[in-house]
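Asks: Sequence isn't available, so here's the structure alone:
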């Protein structure tokens, strides 16, 4: 999948190959879930220097950001910390995914992550403003 935003492409190009591969897979999963949930086109931009995904046109969801963490080989999917998203993810998937406070899902290895659970979390974020937030 082509990256249309040149600034976002530059950021992806700066990551080491192993991190870039993980982040590009997460990016693809975000776009897949946006399409599956019918939230309209995503805006891909940078927020705090991180690739970020917004449902700007439909305003259906909450911003999702992806980046490497300070831990070698680890990446994270960041959510707006004042939402209840990560709390919902923890209730739904308490032992399946790893979390950082109320702001992120942490991923050490994509081949060991429960991708259906992760996809469901992304879907919740992409529909946060239109789906029940219980």
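Replies: Noted; the coordinates are in hand. None of these values were measured; they are calculated from a predicted model. Residues are numbered from 1 along each chain as shown.

Asks: what are the ranges of the helices in the protein?
Replies: In chain order, the chain shows helices spanning 6-14, 17-37, 85-92, 115-126, with DSSP state H as the criterion.

Asks: what's in contact with the shortest one?
Replies: Outside of helix 85-92, the residues that reach it under the criterion C-beta atoms under 8 Å, 6 or more residues apart in numbering are 62, 79, 97, 99, 101-105, 117, 120-121, 124-125, 128, 133-134. Any C-beta I mention is one placed from the backbone N, CA and C, and that applies to glycine too.

Asks: Sitting in strands, which of those residues do you find?
Replies: Counting by DSSP state E, these place 79, 99, 104, 105 in strands.

Asks: Tell me the one of those nearest residue 113?
Replies: For residue 113, the nearest member of those is residue 105. The distance, counting by C-beta to C-beta, is 8.9 Å.

Asks: got a list of what that closest one touches?
Replies: Taking C-beta under 8 Å, 6+ apart as the criterion, residue 105 is in contact with 76, 77, 79, 86, 89, 97, 98, 99, 118, 121.

Asks: Next one: it from residue 2, what distance?
Replies: Distance, residue 105 to residue 2, using C-beta to C-beta, to the nearest Å: 26 Å.

Asks: Then residue 107?
Replies: 24 Å.

Asks: Repeat that for residue 12.
Replies: Counting by C-beta to C-beta, the separation of residue 12 from residue 2 is 11 Å.
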